[in-house]
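Engineer: just a sequence and a predicted model for now, questions to come.
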Amino acid sequence: MDSKEILKAHILKTATLTDQEFDYLFSHFKSKSFKKGQAIISEGDKVDHEYFVISGCLKAFFINDEIKMYILQFAMPTWWTSDYGALYNHTRATISVDCISDAAVLCLSNDDREKICSEIRQAEHFFRWRTNRGYLASQKRLLSFMNNDTKARYEELLAMYPQLYNLVPKHLIAAYLGVSRETLSRLYNAQK
């Protein structure tokens with residue numbers, strides 16, 4: 001499938017759009033390709049787009065003053081990512097987004113998303129639904145960090161996203177789980 005068909009199938013799982021409405025919505029997206037390791041958003045950047053992943057894998061992350069990386073999200077095909085705080089509040093990025101692998105994305109500006117939502121009720125429904133799902137996923141992850149040990153968080157991640165282990169280097173999975181690479185290796189080897 002091409003990028004237009006991938007996005008259409010994704011949106012139509014939640015919203016009902018006519019072909020004409022979808023074509024209009026799609027006309028606001030811009031296609032971009034990035035190489036492995038390439039930054040899409042860096043800390044301090046002006047953020048005015050969100051990104052729908054067509055192929056490849058991205059990570060959204062924060063680096064603290066002690067130069068420790070905290071991974072907030074992996075974004076695989078049909079997932080969305082950005083620094084949403086900066087995007088919605090018109091502030092500079094505090095979250096960075098880069099490519100774990102070569103990636104193709106569709107970019108949608110904040111202004112265009114707002115325009116589409118004001119003109120097409122089902123598009124507004126889709127974007128609201130997507131935002132709500134993202135919020136729920138963040139809550140679930142936070143509760144997992146507060147209540148589960150490392151092994152339970154690891155097993156939960158693999159159960160929810162089994163393909164992640166083949167897409168993402170192990171040191172990044174360890175950073176996402178908040179554990180050392182050695183701890184992750186022990187957990188992985190215990191699973192075999």
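Structural biologist: In hand now; what should we look at?
Engineer: pass me the low-pLDDT residue ranges in the protein, would you?
Structural biologist: Scanning the chain for pLDDT under 70 picks out the ranges 188, 191-192.
Engineer: in what helix or strand does the nearest residue to Phe74 once chain neighbours are set aside lie?
Structural biologist: Once flanking residues are discounted, Phe74 sits nearest to Lys59: 5.5 Å by Cβ to Cβ, 6 or more residues apart in numbering. Just so you know, the C-beta spots here come from the backbone N, C-alpha and C atoms, and that holds for glycine as well. Here Lys59, judged by DSSP states H and E, is contained in strand 58-63.
Engineer: strands paired with that strand, and their directions?
Structural biologist: strand 69-75 (antiparallel), strand 96-99 (antiparallel) (DSSP bridges).
Engineer: now these in CSV, with distance to Gly134 and mean neighbour count?
Structural biologist: As requested, those are exported to CSV (distance: least, Cβ to Cβ, whole Å; neighbours: other Cβ atoms under 10 Å):
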stretch, distance to Gly134, mean neighbour count
strand 69-75, 9, 18
strand 96-99, 14, 21
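Engineer: and of those, who's closest to Ile40?
Structural biologist: strand 96-99 (4.5 Å; Cβ to Cβ).
Engineer: next structured bit after the closest one?
Structural biologist: strand 103-109.
Engineer: residues in contact with the helix or strand following that next one?
Structural biologist: Downstream of strand 103-109, the first helix or strand assigned by DSSP H and E is helix 110-119. The contact list for helix 110-119, computed with Cβ atoms under 8 Å, 6 or more residues apart in numbering, reads 24-25, 28, 48-50, 87-88, 123-124, 127.
Engineer: could I get those as TSV with secondary structure and distance to Pro77?
Structural biologist: Shown next, in TSV, are the contacts of helix 110-119 (DSSP: H, G, I helix; E, B strand; the rest coil; distance: Cβ to Cβ, whole Å):
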residue	secondary structure	distance to Pro77
Tyr24	helix	24
Leu25	helix	19
His28	coil	20
Asp48	coil	23
His49	strand	18
Glu50	strand	15
Leu87	helix	21
Tyr88	helix	24
Ala123	helix	21
Glu124	helix	24
Phe127	helix	19
